[in-house]
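In: pasting a predicted model and its sequence here:
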Amino acid sequence: MVSEHAAEYASQWAAIESIAAKIGCTAETLRRWIRQGERDAGMRPGLTTAESERIKALERENRELRQANEILRKASAYFAQAELDRPFKR
């Protein structure tokens with residue numbers, strides 16, 4: 001909407017303020033949406049929405065794998081200690 005009606009306003013910010021009031025959000029929220037849309041379209045440098053989601057998914061997976069490794073490390077140490085504590089069989 002902002003790009004469609006930008007010619008009717010003195011600046012992009014004026015268009016953003018007017019349209020934000022009409023759709024019920026703050027001007028800053030609308031400005032951020034516009035900037036993200038520009039990044040997604042390749043018109044502005046920065047991470048696209050898809051890239052941001054991929055990074056979040058990879059960070060989540062990394063965190064889960066670290067937790068799994070910690071559990072396995074503790075289990076390994078527990079079983080190794082249990083093996084050492086067993087009486088020796090002849």
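Out: Happy to help now that I have it. Residues are numbered from 1 along each chain as shown.

In: secondary structure element holding the residue nearest to V2 when sequence neighbours are not counted?
Out: Closest residue to V2 apart from its sequence neighbours, by CB to CB, 6 or more residues apart in numbering: A15 at 5.0 Å. Quick note: C-beta positions are derived from backbone N, CA and C, even for glycine. Secondary structure assigned from DSSP states H and E places A15 in helix 12-23.

In: any buried residues in that helix, and which?
Out: Across helix 12-23, burial judged by 16 or more other CB atoms under 10 Å covers 15-17, 19-20.

In: now do stretch 41-60
Out: Under 16+ other CB under 10 Å, stretch 41-60 has no buried positions.

In: who does the helix holding A15 touch, helix- and strand-wise?
Out: helix 2-5, helix 27-40 (3 or more CB pairs under 8 Å, 6 or more residues apart in numbering; DSSP states H and E).

In: for A82, which of these is the nearest?
Out: Of all the helices and strands packed on helix 12-23, helix 27-40 sits nearest to A82, with 53.8 Å by CB to CB.

In: just to revisit the earlier point, deepest of the helices and strands packed on helix 12-23, which one?
Out: helix 27-40 (a mean of 15; mean count of other CB atoms under 10 Å).

In: CA atoms only for it, dumped as CSV, please.
Out: C-alpha atoms of helix 27-40 as CSV (Å, rounded to 0.1, in the frame of the first residue of the first chain):
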residue,chain,number,x,y,z
ALA,A,27,4.3,3.7,11.9
GLU,A,28,7.5,2.1,13.1
THR,A,29,6.0,-1.4,12.8
LEU,A,30,4.9,-0.6,9.2
ARG,A,31,8.3,0.8,8.4
ARG,A,32,10.0,-2.4,9.6
TRP,A,33,7.6,-4.5,7.5
ILE,A,34,8.4,-2.4,4.4
ARG,A,35,12.2,-2.6,5.0
GLN,A,36,11.9,-6.4,5.5
GLY,A,37,9.9,-6.6,2.3
GLU,A,38,12.6,-4.7,0.5
ARG,A,39,15.2,-7.1,1.8
ASP,A,40,13.1,-10.1,0.7
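
In: thank you kindly, that will do.
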